[in-house]
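Trainee: show me the folded form of this:
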Amino acid sequence: MIELIKFELSKIFHKKILYLLAILVAVFIVLPQMITYNQIRKDFGGKENMKTLASQFEGDKYTVSQFQNEVKTIEKKKKNNEELTKRENFIDYYMQYNYPTENEPTYLVMNKYYTHSEIKEELSKLDKNSYEYNAFEKADEMISKLPKSQYKYTGVWYLLLDFNVAGTMKLMLLVLGLAGIFSSEYSSNIAPLLLSTKNGKRKLTMSKILAGVIYATVVFIFVSLLYFIPSLTIGLKNGNLPLNTLEKFSSTPYDITIIEYYLSTLAISFVATIIFALAIMLVSLLIKSNMISFAVSLGLYFVPALLAGLPLPEMILNIICGLSFAELIRAASIFGKFITFNIFGNAMIYPYIAIVAMTVLLIILPIVIYKLGKRQRLC
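Mentor: Residues are numbered from 1 along each chain as shown. Presented below is the predicted three-dimensional model:
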């Protein structure tokens, strides 16, 4: 079995175009971060100086109104082509993406944004036995436990927590590596020969599944490290702070720290990457055509996002979009937003549903691939 797995892995890694794509992915991810680091050194003298500049905006003495006034002044100076001070340059370059500007954050509940006070108002209007009341009540409970959002320098956590581009990079590498894992043998007409050997069907199918999982793991580690290592050169600070410290996550109802969010989404993204790899292998087994397998695999990732624009019921949209491969691999909304599913009238939060769905798929997909692989015909 080990020799068969090695054989399947060698077939995957033998593709020269895979290495070309890996180099392009590395350049696309690392180069912008290196440019950012050089810009920091040029404009602010390094990451320690950035930390010193950021300290001026920490605490209660500096207010949102002061920040907004400074932003207006900066915009006016930029419009008039006036030179910015180091402080103004820091606000324009860094603070606009990190400073929480909402006095009272808004939270997504039932596909609409509400402040905490508005959520409490809605509760008083709703039937206590309804799903809607259950959802608003759960949101109220979670938001009530949140610490007050207050600015603190966090380095470039906001860049590291952006899984959107990483998800697309994983997609390209996975599809290119696995879309032909079964179908290529049919396209080259060697499937009947392989299936007629003593290791055909059962062992061959299992070796392909295991090789695909190993390859997906390598892809995940490769892309994740490309994001993580350069971020260390710029700096990751105060990862023990609440997630809502970051402007990007000011609307999260989850009381978790920045590093807890990173590790949780990383774990979910890893499992989703494995599941997507299994889905690609299943498509390759069923379709038996390289080009069509490639196209369908891409569709599995992108089509649900296109369906999001359709006027469908909230529950249907939550299932299509929230449990799509793209959303699970990116994992951004799982703890970033308040999304619920109507399970027999009870509002179940997104993380629980996502974990259950992924667990089921992680069990079912290998079994389906193995069962169908054993039933492959010689012609």
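
Trainee: mind listing the strands for the stretch 51-200 of the chain?
Mentor: For the stretch 51-200 of the chain, the strands defined by DSSP state E, counting those that start in this stretch cover 106-109, 112-115.

Trainee: lowest confidence element among the helices and strands of the protein?
Mentor: Comparing helices and strands within the chain by mean pLDDT, DSSP states H and E singles out helix 191-195 as the least confident, with a mean of 51.

Trainee: so which of the strands of the stretch 51-200 of the chain is nearest residue 314?
Mentor: Taking CB to CB as the criterion, residue 314 comes closest to strand 112-115 out of these, the separation being 10.1 Å. From N, CA and C alone the C-beta is placed, and that goes for glycine too.

Trainee: could you name the helices and strands sitting against that closest one?
Mentor: strand 106-109 (3 or more CB pairs under 8 Å, 6 or more residues apart in numbering; DSSP states H and E).

Trainee: highest average neighbour count across the strands of the stretch 51-200 of the chain?
Mentor: Using mean count of other CB atoms under 10 Å, the stretch among the strands of the stretch 51-200 of the chain with the greatest mean number of neighbours is strand 106-109 (a mean of 20).

Trainee: check the nearest residue to residue 47 once chain neighbours are set aside and give its pLDDT.
Mentor: Spatial nearest neighbour of residue 47, excluding adjacent residues (CB to CB, 6 or more residues apart in numbering): residue 235 at 4.2 Å. The predicted local confidence for residue 235 comes out at a pLDDT of 78.

Trainee: what is the neighbour count of residue 235?
Mentor: 18 (other CB atoms under 10 Å).

Trainee: am I right that it is in contact with residue 155?
Mentor: Yes: applying CB atoms under 8 Å as the test, residue 235 and residue 155 come out as touching, 3.7 Å apart.

Trainee: any residues in contact with both of these two?
Mentor: Residues within reach of residue 235 and of residue 155 at once, by CB atoms under 8 Å, 6 or more residues apart in numbering, are 47, 50, 51.

Trainee: now render those as a markdown table, adding pLDDT.
Mentor: Output for these, formatted as a markdown table (pLDDT from 0 to 100):
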| residue | pLDDT |
| --- | --- |
| 47 | 74 |
| 50 | 80 |
| 51 | 81 |
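
Trainee: I'd like to know which of these are buried.
Mentor: With burial judged by 16 or more other CB atoms under 10 Å, the buried subset of the shared contacts of residue 235 and residue 155 is 47, 50.

Trainee: which of the shared contacts of residue 235 and residue 155 fall within helices?
Mentor: For the shared contacts of residue 235 and residue 155, membership in helices holds for 47, 50, 51, with DSSP state H as the criterion.

Trainee: closest one of the residues you listed to residue 272?
Mentor: Proximity to residue 272 was ranked across those by CB to CB; first place goes to residue 47, at 32.1 Å.

Trainee: next up, the contacts around the closest one.
Mentor: Applying CB under 8 Å, 6+ apart, we find residue 47 in contact with 40, 155, 233, 234, 235.

Trainee: from the chain's centre, how far out does stretch 327-341 sit?
Mentor: Here the centre of mass of C-alpha atoms in stretch 327-341, compared against the chain's by CA atoms, centre = their mean, to the nearest Å, lies 9 Å away.

Trainee: end-to-end on it?
Mentor: As for stretch 327-341, its first-to-last residue distance stands at 15 Å under the measure CA to CA, to the nearest Å.

Trainee: helices of the stretch 151-300 of the chain, start to end?
Mentor: Secondary structure of the stretch 151-300 of the chain by DSSP state H, counting those that start in this stretch: the helices cover 157-160, 164-178, 183-187, 191-195, 202-234, 258-287, 290-307.

Trainee: now render these as CSV, adding mean neighbour count and distance to residue 133.
Mentor: Output for those, formatted as CSV (neighbours: other CB atoms under 10 Å; distance: least, CB to CB, whole Å):
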stretch, mean neighbour count, distance to residue 133
helix 157-160, 20, 35
helix 164-178, 21, 33
helix 183-187, 19, 50
helix 191-195, 16, 57
helix 202-234, 19, 40
helix 258-287, 21, 28
helix 290-307, 17, 29
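
Trainee: between those helices, which gets nearest to residue 340?
Mentor: Going through those one by one, with CB to CB as the measure, helix 258-287 comes closest at 17.5 Å.

Trainee: could you give the angle of the closest one to helix 164-178?
Mentor: Helix 258-287 and helix 164-178 meet at an angle of 30 degrees, taking axes from the mean of the first three to the mean of the last three CA atoms, to 10 degrees as the criterion.

Trainee: kindly format the C-alpha coordinates of stretch 16-33 as PDB.
Mentor: Listed in PDB are the C-alpha atoms of stretch 16-33, where the atom choice follows Å, rounded to 0.1, in the frame of the first residue of the first chain:
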ATOM      1  CA  LYS A  16       5.800  20.700 -14.000                       C
ATOM      2  CA  ILE A  17       2.900  23.200 -14.200                       C
ATOM      3  CA  LEU A  18       2.200  22.500 -10.600                       C
ATOM      4  CA  TYR A  19       5.600  23.900  -9.600                       C
ATOM      5  CA  LEU A  20       5.100  26.900 -11.800                       C
ATOM      6  CA  LEU A  21       1.800  27.600 -10.200                       C
ATOM      7  CA  ALA A  22       3.300  27.100  -6.700                       C
ATOM      8  CA  ILE A  23       6.000  29.700  -7.600                       C
ATOM      9  CA  LEU A  24       3.400  32.100  -8.800                       C
ATOM     10  CA  VAL A  25       1.300  31.600  -5.600                       C
ATOM     11  CA  ALA A  26       4.400  32.200  -3.500                       C
ATOM     12  CA  VAL A  27       5.300  35.400  -5.300                       C
ATOM     13  CA  PHE A  28       1.700  36.600  -5.200                       C
ATOM     14  CA  ILE A  29       1.500  36.100  -1.400                       C
ATOM     15  CA  VAL A  30       5.000  37.000  -0.300                       C
ATOM     16  CA  LEU A  31       5.800  39.900  -2.500                       C
ATOM     17  CA  PRO A  32       3.100  42.300  -1.300                       C
ATOM     18  CA  GLN A  33       4.100  41.600   2.300                       C
END
